[in-house]
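A.B. asks: here is a sequence with its predicted model. Questions after.
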Amino acid sequence: MRALKSTQGVGNWHNLVPAKVFWWYNKKDPLEHAKGIKAPVLLIAGREDTLVPEWAVREAGKRIGDLATTITLDGSHESLYSNKELIPVMLMFLEAQFR
């Protein structure tokens with residue numbers, strides 16, 4: 001599996017988010033929708049994640065119930081994407097869904 005490379009500074013693309021996303025983000029509560037999930041889901045929390053705090057991931061897992069598998073790893077929101085510890089965890093989760 002290849003690691004994703006950053007696209008920052010490639011071509012004319014810039015890693016920017018419109019300010020309106022923060023207005024929208026404050027109006028929505030993803031936890032309100034957690035009980036509606038009807039498929040197995042793997043929730044991954046980062047202990048140093050400031051975008052989606054660990055408590056919020058755990059709360060989502062509680063609301064989803066038995067369909068949720070929640071794990072916590074060291075790292076921030078962005079660092080989890082390149083964490084090689086996740087590969088075997090994701091594979092085990094997926095294999096369990098197809099047994």
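C.D. replies: Arrived safely, thanks for sending.
A.B. asks: so where is this protein shaky, pLDDT-wise?
C.D. replies: Along the chain, segments meeting pLDDT under 70 span 1-28.
A.B. asks: residue contacts, the residue nearest to the spatial centre of it?
C.D. replies: Centroid-nearest residue in the chain, with CA atoms, centre = their mean: I44, separated by 5.6 Å. By CB atoms under 8 Å, 6 or more residues apart in numbering, the residues touching I44 are 57, 70-73, 80, 86, 89. In this view, the C-beta of every residue, glycine as well, is placed from N, C-alpha and C.
A.B. asks: go ahead and build a ChimeraX selection from the buried members of the residues you listed.
C.D. replies: Per 16 or more other CB atoms under 10 Å, the buried members of the contacts of I44 correspond to this ChimeraX selection:
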select :57,70,73,80,86
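A.B. asks: quick revisit: helix/strand/coil for the residue nearest to the centre of the chain?
C.D. replies: Under the three-state scheme (DSSP: H, G, I helix; E, B strand; the rest coil), I44 adopts strand.
A.B. asks: check the one 4 residues further on too.
C.D. replies: For E48, the reduced secondary structure class is coil; criterion used: three-state DSSP.
A.B. asks: just the ones of the contacts of I44 in helices?
C.D. replies: Of the contacts of I44, the ones assigned to helices by DSSP state H are 57, 86, 89.
A.B. asks: which of the residues you listed sits closest to T50?
C.D. replies: Nearest to T50, judged by CB to CB, of those is V57 at 12.7 Å.
A.B. asks: was I right to think the closest one contacts A68?
C.D. replies: No - using CB atoms under 8 Å, V57 makes no contact with A68, being 9.6 Å away.
A.B. asks: identify the contacts common to the two.
C.D. replies: Residues within reach of V57 and of A68 at once, by CB under 8 Å, 6+ apart, are L43.
A.B. asks: centre of the chain to stretch 88-99, how far?
C.D. replies: Stretch 88-99 sits 17 Å away from the centroid of its parent chain (CA atoms, centre = their mean, to the nearest Å).
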